[in-house]
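Novice: pasting a predicted model and its sequence here:
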Amino acid sequence: MGLLELHPEGSDPIIVHPKPNHVPATFTVLNFPVEDVEVAVDSLSKKGIVFGQYDGPDTD
């Protein structure tokens with residue numbers, strides 16, 4: 001199994017590595033900074049991205 005290296009524009013590379021006993025996280029593990037989150041969500045929604053809606057603390 002190899003590594004995956006992502007190169008987001010304007011940011012440092014992100015290295016993703018496999019884990020043999022992987023269990024999906026129950027929390028956010030990757031964030032993308034944006035100037036205005038509402039504008040970003042609207043733009044992505046128009047492109048077909050579906051966002052999960054959660055009830056609970058710290059779920060903005």
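Specialist: Ah, there it is. These numbers come from a predicted model, not from an experiment.
Novice: quick one: low-confidence ranges for the chain?
Specialist: 1, 58-60 (pLDDT under 70).
Novice: which residues sit against stretch 26-39?
Specialist: Outside stretch 26-39, the residues within contact range by Cβ atoms under 8 Å, 6 or more residues apart in numbering are 8, 14, 40. Where you see a C-beta, it was placed from the backbone N, CA and C, and this is true even at glycine.
Novice: again, 7 Å this time
Specialist: Stretch 26-39 is contacted from outside by Ala40, using Cβ atoms under 7 Å, 6 or more residues apart in numbering.
Novice: what do you get for stretch 44-52?
Specialist: Val41.
Novice: okay, strands next: where are they in this protein?
Specialist: Applying DSSP state E to the chain gives strands spanning 4-6, 14-16.
Novice: format those strands as CSV; extra columns: distance to Tyr54 and mean neighbour count.
Specialist: Below are those laid out as CSV (distance: least, Cβ to Cβ, whole Å; neighbours: other Cβ atoms under 10 Å):
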stretch, distance to Tyr54, mean neighbour count
strand 4-6, 25, 10
strand 14-16, 24, 10
